[in-house]
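Visitor: mind looking at a prediction? Sequence and model below.
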Amino acid sequence: MVPVSTSRAGGTAQQQASHHSSLNRPTYARFGTPQASNAIVHPFTPVTGPSAWYASQYKDSSEHVYDLTPHDLAELAAAVAAVSQSGKDIQDVTKQDFPLPTLGPKLVQFREEVRTGRGFQLIRGVPVDRYSRKETIIAYWGFGLYWGKAVSQNKKGHLIGHIKDLNHDPSNPNTRLYATHAAQPYHNDASDIVALLCLKNARSGGLSSWSSSMTVHNEILKRRPDLAPVMAAPWYMDRKGEVPDGKQPYFQIPIFNYFMGGLSVNYSDNYYHLSQRHADVPRLTQQHHEAMALFNEIASSDALRMDSMLQPGDIQLLNNHTQLHTRAEFEDFPDFSERRHLLRLWIAPPIERPLPDAYLEIYGGSVEIGNRGGIKVAGYKPTVPLEAE
């Protein structure tokens, strides 16, 4: 293993020595039933299996795309109508309230492909053009019930997030970029799985892309193995003003998290840079900057990147531990009601990989499977808004 500099912005030399000592211990436990076709990962060795893919495997394939059938849509319409007539608040609707006899098992199958297979799935044909906004959100919430538990996405407690330009200033360090038209760099969200449902496209731009963080990891081992220990040590991340009680406005978590025979990647260079506004956060070093530059170069390369201009009714489902996603800048329509608009779910599935305690800070104080992830601050109240706010 390449020695790690004790001066970099990843904690004290003692913390780093302890962290790397734990990485060198053999790990053989599997993720319950997950990653059945992915081999056990030993620290600083390549990941194998379907989650470590290259774009050439899928760019000319429809294997990862499912078009909803007329029968699927009939089941969905019946479930939406039943919930609408019940008068229940959307966040109180349960899986038992939303029966999908044949579509439901397919949704679970897609979740499992995302969770233990290639890590991504596209679903097409949700009839957002025929549904009212409330019916669309009921349908999307119902899909999510077959994937797991929805968790809060911001300090307001939104269980379904609205991805829309609200004219927020992208240069404000506390602005979440999903509420702007600016490009979003490659990142993971604060949940096991993220789903995006497209309602409307922008006038131009807004391309969605994703890459395998497992393959990025493997390429870094090949090209710059000296940077792998840097990425397996803690990095400081900013909280963008969404600070839980008793916490600092920043926290630490590695990019490469080797744990119990698996690798989970957590990356967002925007948040690393923002942490530098805090005087008591160590400065990013040359190694950090080289690591981020190489990571971004590999993730955005033609060899790894998958692109999709999501259309209204498309759902993109991604594993946040094995995949990264990004969004291009876009130009929108002047009419607010016609602006680009997506709905987002952050999901905690009932079966998942174990995560190290380093995820406690970014996962709302819990790494308990099925009950982790999201943003939880004082006074937040889980809610499902019908409009962007």
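Guide: Ah, there it is.
Visitor: going by C-alpha atoms from here, please, whenever you check contacts or count neighbours.
Guide: OK.
Visitor: for the stretch 1-150 of the chain, what spans make up the helices?
Guide: Using DSSP state H, counting those that start in this stretch, the helices of the stretch 1-150 of the chain run over 13-23, 70-86, 103-116, 133-145.
Visitor: turn those into CSV, columns for distance to Q316, mean neighbour count and mean pLDDT.
Guide: Converted to CSV, the helices of the stretch 1-150 of the chain look like this (distance: least, C-alpha to C-alpha, whole Å; neighbours: other C-alpha atoms under 10 Å; pLDDT from 0 to 100):
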stretch, distance to Q316, mean neighbour count, mean pLDDT
helix 13-23, 33, 15, 39
helix 70-86, 18, 16, 98
helix 103-116, 10, 20, 98
helix 133-145, 12, 21, 98
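Visitor: format those helices as TSV; extra columns: distance to F259.
Guide: Formatted as TSV, the helices of the stretch 1-150 of the chain follow (distance: least, C-alpha to C-alpha, whole Å):
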stretch	distance to F259
helix 13-23	8
helix 70-86	39
helix 103-116	16
helix 133-145	27
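Visitor: right, so of those, which gets closest to I298?
Guide: Closest of these to I298 is helix 103-116, at 21.6 Å (criterion: C-alpha to C-alpha).
Visitor: name the helices or strands packed onto that closest one?
Guide: When contacts are defined as 3 or more C-alpha pairs under 8 Å, 6 or more residues apart in numbering; DSSP states H and E, helix 103-116 packs onto strand 120-124, strand 315-319.
Visitor: format the CA atom coordinates belonging to the first one as CSV.
Guide: Going back to what we said before, that points to strand 120-124. Provided in CSV are the C-alpha atoms of strand 120-124 (Å, rounded to 0.1, in the frame of the first residue of the first chain):
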residue,chain,number,x,y,z
PHE,A,120,-29.4,1.3,-13.0
GLN,A,121,-32.7,0.9,-14.7
LEU,A,122,-34.9,3.1,-16.9
ILE,A,123,-38.7,2.7,-16.8
ARG,A,124,-40.8,4.5,-19.5
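Visitor: helices and strands around that strand, which ones?
Guide: strand 65-67, helix 103-116, strand 315-319.
Visitor: go with 6 Å
Guide: With contacts defined as 3 or more C-alpha pairs under 6 Å, 6 or more residues apart in numbering; DSSP states H and E, strand 120-124 has these neighbours: strand 65-67, strand 315-319.
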